[in-house]
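In: Here is the input, now give the coordinates:
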Amino acid sequence: MSKNSNHPLRFNRRQFLLNSAVTVGGMITTNLISKSPVFGKPPGIITSDRMRPGIPYGIASGDITDNSIIIWSRSDRPAKMLIEYSTSESFSNVRRVFGPQALENNDFTARFNLKNLPPNQQIFYRVSFQDLNYKNVYSEPVSGTFRTPPTTGRDIFFVWGGDTAGQGWGINPDFGGMKIYETMRQLNPDFFIHCGDTVYVDNPIVAERTLDDGTIWKNITTEEKSKVAETLQEFRGNFQYNLLDENVKRFNAEVPMLAQWDDHETTNNWYPGEFLLSDDRYTVKDVNLLAQRARQAFFEYMPMNYRTRFGADRSKIYRSFQHGPLLDIFMLDERTYRGPNTDNIQSVKSAETDMLGKSQLQWMKVQLLKSKATWKIISSDMPLGLIVRDGPNAFEAWANADNGPALGRELELTELLRFIKRRNIKNVVWITADVHYAAAHYYDPNKAQFTDFKPFWEFVAGPLNAGTFGPGQLDNTFGPQLMFQSNPPGMQPNRPPSEGLQFFGGVKIDAYTKEMTVSLRNLAGEIIYSKDLPPEN
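Out: As a prediction, the model looks like this:
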């Protein structure tokens, strides 16, 4: 932090968790009008914890803005959500609000949008569920915390990554579970961006895998993770699986998440209108139907501002967030509106070359133009210049391995990059994941085939808990220059988490100088690459 920063309540997380553990044992016993609940012994009518609602998957917060945040949890039965929050860890001057009912049609998940929050404050909260049949019976409360964005005078620090529980590498208690989430939590970030592949519904988890040295990797297994996801319950079970990990639950309770999706929330390399005719693992061949179920489970289990109107989904995965005067974040959706995966060398824009689609592309332009923040972070679920193939003749991402003028999906990207240059939109940085290693790319128009854009940086981080792969090849259309990559060319693919090749990124913005420092970090949290970016004047 800069010497001019004034970060509030850099509190002791260990002490907070100890205090929370004391709180969890109690129960709310006051009437609903009381401003401050009393935690004490359960009423005499309760003879077993089984009679009380449970919170098996913890709590989470997300979609944090300058004055609001989504609080999420799941009950184990029909119940009503109760949230209590305070700027005091002791919950003095506590405020309490009832959220929605957690019902079967949403798999007993519930979320509530806390609004009008004070800026630059550490907020402590706890979630309980009220039994719908026995109004005086509540679950044990589960506690969490978050920081609201600053208006001035405080550094910002956030982390990002992607790719959780992929390639059959699941929760291994002997290894310590998904340890990277605990590593990120200990850095005390303001929030976390999950760049996609939040789950791997097409990668079943088996109990044991033999490693190259003959040792055994042991996974926690569940019925829903024993096959590819096709039913809605199987999609839900993939999100539930990750929430069995204690590292993930602790992280979710203390670090707000901004989530987007990529392909593995539905099936590998999918696009709208696809049919899985050659994949014998699937009895459901219609990818649109799989994506519909995936989307429902994604919104149910992510702490997002999920809204419905007249029974129809009105929410979008692409959205933007203000985080004080220094930072705006733009989350893209490069799945829902894309055309099919083709050879990607069309010379004219069409529905076949769409990646964002017309509406999202126009939204992105408007949001960038409106932004008054010093820095603009664009979170892309796929990298821009890395070649990602879908079979021998088709391409999955923007690039097409042509190394010539912009073609195919690159045509849409030229429109956005040209707009940024001509409107002189400053300090745009891209972050992404997807390719299962860490890298830094500098896009230089002086070394590109398409040159009508401002130079910019793209940073890649992942996987969080999945197989690690060797570096990809860069397409030269936009002149990407390789500044760093974590893995050597030709490395053996699909390395397990136990080899330590798991990566995430961190971004710090100095409140005084406004300089952005981007770091790429390994499983232990060690910085393996760092770049200081001064703001454009």
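In: which strand is the longest one in the chain?
Out: Of all the segments of type strand in the chain, defined by DSSP state E, the longest one is strand 122-131.
In: how about the strands of the stretch 101-250 of the chain, start to end?
Out: For the stretch 101-250 of the chain, applying DSSP state E, counting those that start in this stretch gives strands covering 109-114, 122-131, 142-147, 156-161, 191-194, 208-210, 216-218.
In: Ignoring the adjacent residues along the chain, who's closest to the residue nearest the centre of the chain?
Out: For the chain, the residue nearest the mean C-alpha position is His194 (2.1 Å; CA atoms, centre = their mean). Spatial nearest neighbour of His194, chain neighbours left out: Ala259 (4.6 Å); criterion: CB to CB, 6 or more residues apart in numbering. Where C-beta positions appear, they are placed from N, C-alpha and C, glycine not excepted.
In: what pLDDT does that neighbour get?
Out: Confidence at Ala259, expressed as pLDDT, is 98.
In: same thing with the one 4 residues further on?
Out: The per-residue pLDDT reported for Asp263 equals 98.
In: any idea how far it is from Ala394?
Out: Using CB to CB, to the nearest Å, one gets 13 Å for the distance from Asp263 to Ala394.
In: With neighbour numbers in mind, choose between the two.
Out: Taking other CB atoms under 10 Å, Asp263 and Ala394 do not tie; Asp263 has more neighbours (24 against 15).
In: Show the contacting residues for that one.
Out: 196-197, 269-270, 335, 396 (CB atoms under 8 Å, 6 or more residues apart in numbering).
In: Apply 10 Å and report the result again.
Out: Counting by CB atoms under 10 Å, 6 or more residues apart in numbering, Asp263 touches 196-197, 200-202, 269-271, 291, 294, 334-335, 381-382, 390, 396, 434.
In: Those residues in helices, which ones?
Out: 291, 294 (DSSP state H).
In: picking up where we left off before, mind listing the residues bridging to the residue nearest to the centre of the chain?
Out: Bridge pairing for His194 (DSSP bridges) gives the partners Gly161, Ala259.
In: And Gln292, how close does it get to Asn446?
Out: Per CB to CB, Gln292 is found 45 Å from Asn446.
In: First-to-last residue distance for stretch 127-142?
Out: Using CA to CA, to the nearest Å, the end-to-end distance of stretch 127-142 comes to 5 Å.
In: Stretch 162-176 now?
Out: Using CA to CA, the end-to-end distance of stretch 162-176 comes to 19 Å.
In: And for stretch 512-528?
Out: 25 Å.
In: Any idea how far that stretch is from the middle of the chain?
Out: Between the centre of stretch 512-528 and the centre of its chain there are 18 Å (CA atoms, centre = their mean, to the nearest Å).
In: buried stuff in that stretch?
Out: 516-523, 525 (16 or more other CB atoms under 10 Å).
In: sorry, back to before: nearest to Asp286, out of the strands of the stretch 101-250 of the chain?
Out: When these are compared by CB to CB, strand 109-114 sits nearest Asp286, at 25.5 Å.
In: Distance from the chain centre to the closest one, please.
Out: Strand 109-114 has its C-alpha centroid displaced from the chain centroid by 17 Å (CA atoms, centre = their mean).
In: Report the angle between that strand and strand 122-131.
Out: Here strand 109-114 runs at an angle of 140 degrees relative to strand 122-131 (axes from the mean of the first three to the mean of the last three CA atoms, to 10 degrees).
In: quick one: the helices in this protein?
Out: So, for the chain - with DSSP H - the helices run 13-24, 179-186, 232-242, 246-254, 287-301, 358-370, 410-422.
In: Figure out which of those helices is closest to Ser139.
Out: Among those, helix 13-24 sits nearest to Ser139 (CB to CB), with 9.9 Å.
In: From Pro256, how far out is Asn476?
Out: Note on Asn476: its distance to Pro256, by CB to CB, is 38 Å.
In: quick revisit: please name whichever of the strands of the stretch 101-250 of the chain is nearest to Ser315.
Out: Of all the strands of the stretch 101-250 of the chain, the one in closest proximity to Ser315, counting by CB to CB, is strand 109-114 (11.2 Å).
In: Would you indicate which residues of the closest one are buried?
Out: Quick answer for strand 109-114 (16+ other CB under 10 Å): 109-112, 114.
In: Can you check what pLDDT the model gives Ser315?
Out: pLDDT, Ser315: 77.
In: On the strand side of things, show who the nearest residue in space to Val428 that is not next to it in sequence bridges to.
Out: Of all residues not flanking Val428 in the chain, Lys376 sits nearest, at 4.8 Å (CB to CB, 6+ apart). Note on Lys376: beta-bridge partners by DSSP bridges are Asp328, Val428.
In: was I right about Lys376 contacting Asn427?
Out: Yes: between Lys376 and Asn427 there is a contact under CB atoms under 10 Å: 6.0 Å.
In: Now the common contact residues for the two.
Out: 327-328.
In: Can you report how many residues lie near the residue nearest to His194?
Out: When counting by other CB under 10 Å, one arrives at 23 neighbours for Ala259.
In: do the same with Leu413
Out: Count around Leu413 with other CB under 10 Å applied: 22.
In: ok, now which ones touch the closest residue in space to it that isn't next to it in sequence?
Out: Of all residues not flanking Leu413 in the chain, Trp398 sits nearest, at 5.6 Å (CB to CB, 6+ apart). For Trp398, the contacting residues are 334, 344, 355, 380, 382-388, 406, 408-413, 475, 477-478, by CB under 10 Å, 6+ apart.
In: quick revisit: among Asn476 and Pro256, which residue is more densely surrounded?
Out: Pro256 (25 against 17).
In: Can you read off the backbone torsions of that one?
Out: phi -60, psi 140 (degrees, to the nearest 10).
In: isn't it right up against Val159?
Out: No: contact criterion CB under 10 Å: Pro256 and Val159 do not qualify, at 11.3 Å.
In: what touches both of those two?
Out: Applying CB under 10 Å, 6+ apart, one finds that Pro256 and Val159 are jointly contacted by 189-192.
In: Adding neighbour count, pLDDT and distance to Phe419, write those out as JSON lines.
Out: Shown next, in JSON lines, are these (neighbours: other CB atoms under 10 Å; pLDDT from 0 to 100; distance: CB to CB, whole Å):
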{"residue": "Pro189", "neighbour count": "23", "pLDDT": "98", "distance to Phe419": "31"}
{"residue": "Asp190", "neighbour count": "25", "pLDDT": "98", "distance to Phe419": "29"}
{"residue": "Phe191", "neighbour count": "24", "pLDDT": "98", "distance to Phe419": "27"}
{"residue": "Phe192", "neighbour count": "22", "pLDDT": "98", "distance to Phe419": "29"}
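In: Of all pairs in the residues you listed, which one is the farthest apart?
Out: So, the shared contacts of Pro256 and Val159 by CB to CB: farthest apart are Asp190 and Phe192, at 8.8 Å.
In: list residues touching both of the two?
Out: Among the neighbours of Asp190, those also in contact with Phe192 (CB under 10 Å, 6+ apart) are 158-159, 255-256.
In: Redo the residues you listed as JSON lines? Include pLDDT and distance to Tyr318.
Out: As requested, these are arranged in JSON lines below (pLDDT from 0 to 100; distance: CB to CB, whole Å):
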{"residue": "Phe158", "pLDDT": "98", "distance to Tyr318": "19"}
{"residue": "Val159", "pLDDT": "98", "distance to Tyr318": "21"}
{"residue": "Val255", "pLDDT": "98", "distance to Tyr318": "22"}
{"residue": "Pro256", "pLDDT": "98", "distance to Tyr318": "18"}
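In: Please, a PyMOL command that selects the buried ones among the residues you listed?
Out: The buried subset of these, as determined by 16+ other CB under 10 Å, is captured in PyMOL by this line:
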select buried, resi 158+159+255+256
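In: from the shared contacts of Asp190 and Phe192, which two are the most distant?
Out: Between all members of the shared contacts of Asp190 and Phe192, the farthest pair (by CB to CB) comes out as Val159 and Pro256, at 11.3 Å.
In: quick one on the thing from earlier: which residues are in contact with each of Asp263 and Ala394?
Out: Common neighbours of Asp263 and Ala394 (CB under 10 Å, 6+ apart) are 269, 271.
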